[in-house]
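Student: give the three-dimensional model of this entry:
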Amino acid sequence: MKIKFSKAIKIFIFLLLILSIIFPGYVDSPSIAQGEVTSTEQLVGDRVVIIDGRDYVAPQSDFMINYTINNGSDVNISQVIIKETLLGEEVAVGGKRIIPELEYPIAPGESRHFKGEKFKSKKDVSSYTLEYTIEYIEEGGSHAVPLKSGKREISILSTDIDVTYSTSTKGPIPVGEEVTYTAELQSAATVPIENILVQDSVLGELGVVPVLEPGTKAVVSQTFKLDKTTKSHPILSFDDPMGINDKITRTVESATVEVEVEEKPVEKPLVISGRVNKSKVAPNEPVDFSLSVENKGNRALNNVKLVDWSGKEVLFKDILAPGKEATVIYTARVEPGVDYTFKATAVEEGTGRNVQDTYSVNFSGIAAELQITNRVTAEDIAVGDVVTIEYSLKNTGETTMVDIVVEEPEFGEVARFSELQPGQEETFSTEQIIEQDTSSHPRVYAKDKVTGNAYEFHGDFIEILINAIESHPLLTLRLTSEPETLSEPGTVDLVCTVINEGDIKIDNIELILNERTLYIGSILTLEPGDQETLTLPGLSIEEDTSFTVTAKGITYDGQEVEFTSEPYEIKIGEDIPEEEKAENPKLSFLKKLLGVIIALAIATAGGMVYLIRDLRKGGKKEPKGTKRVKTRRKNTANRKGQQ
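Tutor: Residues are numbered from 1 along each chain as shown. Predicted coordinates:
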């Protein structure tokens, strides 16, 4: 048997030698190198973790595979080909990744790292499968050699926990009564959640759940004594499964509960506090008041109002819950040595009780003081006159004042000084053209050289009035009618003449017939000496009547004026003299027309008489020119005589 085994070995070696001679490249074939090239893969990402041997990725986080190629062969590797396919909810993403020809090959005994494609987990996908294949090409070769195929199952990590929160009663309950709070936890996570601490946001700890497996439930409860109405919600705290943070905290405000407690009203629920930005002030200096109105009671306060010492509203809130406060910064000008008091009022909810509080502060004066006097020299000022205003400015305080500006509200800046030391005095003046009544009321703005505080000082108020000539408005109204008298009831046209006999223009004049309350008309304007006539036609007269007209207007300076005419009489009937009786207008017209017709008839008849006479004398032969002249003169003489 030994002889046979040795012969077999010899035969095997002989065959190998023959094969190596026939196939000299066999030793470099891919089949031999393939077993000597290896690959390792690692799933990486910002929030990637392995729990119980499974890969987890946080929602909406990046993840990828890092590949390490180890060349254990004796041939350089010139190219690596990686193909990845990501499967999630039956959707394939990714594809073939060809690593370009390497800058330098992977030599035998070396390793090289490659990054796979970066993927991002979606919020609505619970898991992924990442499939991959790896191939390589040897230096000088053209065929890809399969190296490895595999896949990674990736779950999306979730730590969601649904919470139901309840109490044994909603109230109202007496003060100090016990209430049981219960929290039911339902795991919606994909991994076990450990060391869950359940707390009430106001009352404290309810209990601890050591571990909550995916899909399971747990219940914790605790009993508390309540001394006031409590509104609260659960808070969860548990270990971070990914190990990134020590603890994860969840505030579940959607599970808020409230238990009402019958509370006794607090004696002084409304409290006002404040502070000021300065304790010493100059006269009329602005100060900032920082004010706070706080509800220190156990009931809400409605219609919370804060007013200053003059009753001006500074702050208003419809409602102020217990423990809450409202703040405001209020700026006002104050005087030294005066108490300034703010008052806050409100109505307590549930009791209707009116509550209030006050805050007072007093300021001391400062030594800075500038005194300014002003004097107007002109008298009997007319429009367009130049008026001189003289000033004297003296530092009567104890500190040097700088950046001094003197202004007049009506004229603007009138002087400027860089510095005034204590006791120093400056005099100056300004000239102004006066077009209308005005005033001098100087204001001085300056700063304390040491502290930089700004101040404002005022001088006396002096009126500068124009001596205007006193004017008197006067409207004279004269009434007539057409006709002036009536023999029987009828109508007349009332004529009103308005004359401005004053020395001032009057505008917007309106005329009213007082006895009939009739609007006659209006006149836009009447200058002194002007007059206008308005007619009220068709005024019906049934009996002896007396009329007056009133004119109302406005002077240039806005003064309303009113004037009334003397009574105007229109008489009817027998008591009126015959010669004063007025005829009917139509009858008068017909009489005049008839007179004209008669006159025309007489003139025509006279002309016919002269024509017949001339025709009878026409047979005598006389020089035409001489006869005509004489005749004309004679006729003329006759006409003059007739006239």
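Student: next up, the contacts around V202.
Tutor: By C-beta atoms under 8 Å, 6 or more residues apart in numbering, the residues touching V202 are T230, K231, S232. Using the backbone N, CA and C atoms, a C-beta is placed for each residue, glycine as well.
Student: let me know the secondary structure of it.
Tutor: coil (DSSP: H, G, I helix; E, B strand; the rest coil).
Student: which pLDDT value does the model give it?
Tutor: Here the pLDDT value assigned to V202 is 95.
Student: that one and G109: what is the separation?
Tutor: 68 Å (C-beta to C-beta, to the nearest Å).
Student: again with P489
Tutor: 145 Å.
Student: cool, and D503?
Tutor: Taking C-beta to C-beta, one finds D503 at 126 Å from G109.
Student: more neighbours: which of those two?
Tutor: D503 (13 against 10; other C-beta atoms under 10 Å).
Student: among the contacts of V202, which one lies nearest to D448?
Tutor: Using C-beta to C-beta, K231 is the member of the contacts of V202 that lies nearest D448, at 53.2 Å.
Student: name the nearest residue to the closest one, sequence neighbours excluded.
Tutor: E258 (4.2 Å; C-beta to C-beta, 6 or more residues apart in numbering).
Student: with I81 instead?
Tutor: I81 sits nearest to E135 (C-beta to C-beta, 6+ apart), 4.3 Å away.
Student: surely the one you found and I69 touch.
Tutor: No - E135 lies out of contact with I69 (C-beta atoms under 8 Å); the separation is 10.7 Å.
Student: ok, these two, which is more surrounded?
Tutor: I69 (22 against 17).
Student: so where's this protein uncertain?
Tutor: 1-35, 89-101, 468-471, 574-596, 599, 602-643 (pLDDT under 70).
Student: walk me through the domains of it.
Tutor: For the chain, automatic domain parsing gives the domain ranges 1-30, 35-155, 161-259, 270-365, 370-464, 475-580, 587-642.
Student: how long is stretch 243-261 from one end to the other?
Tutor: Across stretch 243-261, the terminal residues are separated by 43 Å (C-alpha to C-alpha, to the nearest Å).
Student: distance between that stretch and the chain's centre?
Tutor: Relative to its chain's centre, stretch 243-261 lies at 38 Å (C-alpha atoms, centre = their mean, to the nearest Å).
Student: please enumerate residues in contact with that stretch?
Tutor: With C-beta under 8 Å, 6+ apart, stretch 243-261 has contacts from 47, 49, 159, 161, 163-167, 169-175, 177, 179, 181, 183, 201, 226-240.
Student: residues near D52, how many?
Tutor: Neighbour number of D52 under other C-beta under 10 Å is 7.
Student: starting from P210, give me the distance back to it.
Tutor: 17 Å.
Student: I'd say E117 and Y67 touch.
Tutor: No - at 11.2 Å, E117 does not count as touching Y67 under the criterion of C-beta under 8 Å.
Student: for those two, indicate the residue with more neighbours.
Tutor: Y67 (23 against 16).
Student: how close does that one sit to T129?
Tutor: Counting by C-beta to C-beta - Y67 and T129 are separated by 18 Å.
Student: before we move on, what about K151?
Tutor: For K151 relative to T129 (C-beta to C-beta), the value is 6 Å.
Student: can you check L465 too?
Tutor: For L465 relative to T129 (C-beta to C-beta), the value is 100 Å.
Student: isn't A368 up against K280?
Tutor: No - if you go by C-beta under 8 Å, A368 and K280 don't touch, sitting 9.6 Å apart.
Student: tell me which of the two has more neighbours.
Tutor: A368 (26 against 14).
Student: quick one, strands of the stretch 151-300 of the chain?
Tutor: Here the stretch 151-300 of the chain has its strands, by DSSP state E, counting those that start in this stretch, at 161-167, 177-187, 193-200, 204-212, 217-226, 230-232, 234-239, 247-251, 257-259, 270-276, 280-281, 285-295.
Student: end-to-end on stretch 496-511?
Tutor: Stretch 496-511 end-to-end distance (C-alpha to C-alpha) = 9 Å.
Student: for stretch 112-130, same thing?
Tutor: 22 Å.
Student: does L43 touch K151 like I think?
Tutor: No - assessed by C-beta under 8 Å, L43 is found out of contact with K151, at 11.1 Å.
Student: next, show the common contact partners of those two.
Tutor: L130.
Student: looking at the two now, which is surrounded by more residues?
Tutor: Using other C-beta under 10 Å as the criterion, L43 and K151 rank with L43 on top: 18 against 13.
Student: quick check: which helices or strands does whichever strand or helix holds the more buried one pack against?
Tutor: When elements are assigned from DSSP states H and E, L43 belongs to strand 37-44. Using 3 or more C-beta pairs under 8 Å, 6 or more residues apart in numbering; DSSP states H and E as the contact test, the elements touching strand 37-44 are strand 62-71, strand 127-138, strand 145-156.
Student: and the contacts of V202, which are buried?
Tutor: T230, S232 (16 or more other C-beta atoms under 10 Å).
Student: helix or strand next in line after the strand holding L43, which one?
Tutor: Next along from strand 37-44, by DSSP H and E: strand 48-51.
Student: give the pairing partners of whichever helix or strand comes after that next one; include direction for each.
Tutor: Next along the chain after strand 48-51, taking DSSP H and E as the criterion, comes strand 54-57. Counting by DSSP bridges, the strands paired with strand 54-57 are strand 48-51 (antiparallel), strand 145-156 (parallel).
Student: just the buried positions in strand 54-57, please.
Tutor: D55, Y56, V57.
Student: repeat that for stretch 191-210.
Tutor: V191, I193, I196, L197, V198, Q199, D200, L203, L206, V209.
Student: need the contact list for the fourth one.
Tutor: Pointing back at L197 there. So L197 contacts E205, V208, L236, S237, F238 (C-beta under 8 Å, 6+ apart).
Student: go on, the third one?
Tutor: By C-beta under 8 Å, 6+ apart, the contact list for I196 reads I161, L185, V208, V209, P210, L212, A218, L236, S237, F238.
Student: buried among the residues you listed? Make that a ChimeraX selection.
Tutor: Isolation of the buried members of the contacts of I196 (16+ other C-beta under 10 Å) is achieved in ChimeraX through the command below:
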select :161,185,209,212,218,236,237,238
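Student: looking at the contacts of I196, spot the one nearest F316.
Tutor: Looking across the contacts of I196 and measuring by C-beta to C-beta, the closest to F316 is L236, at 40.2 Å.
Student: how much space separates the closest one from E258?
Tutor: Going from L236 to E258 by C-beta to C-beta gives 20 Å.
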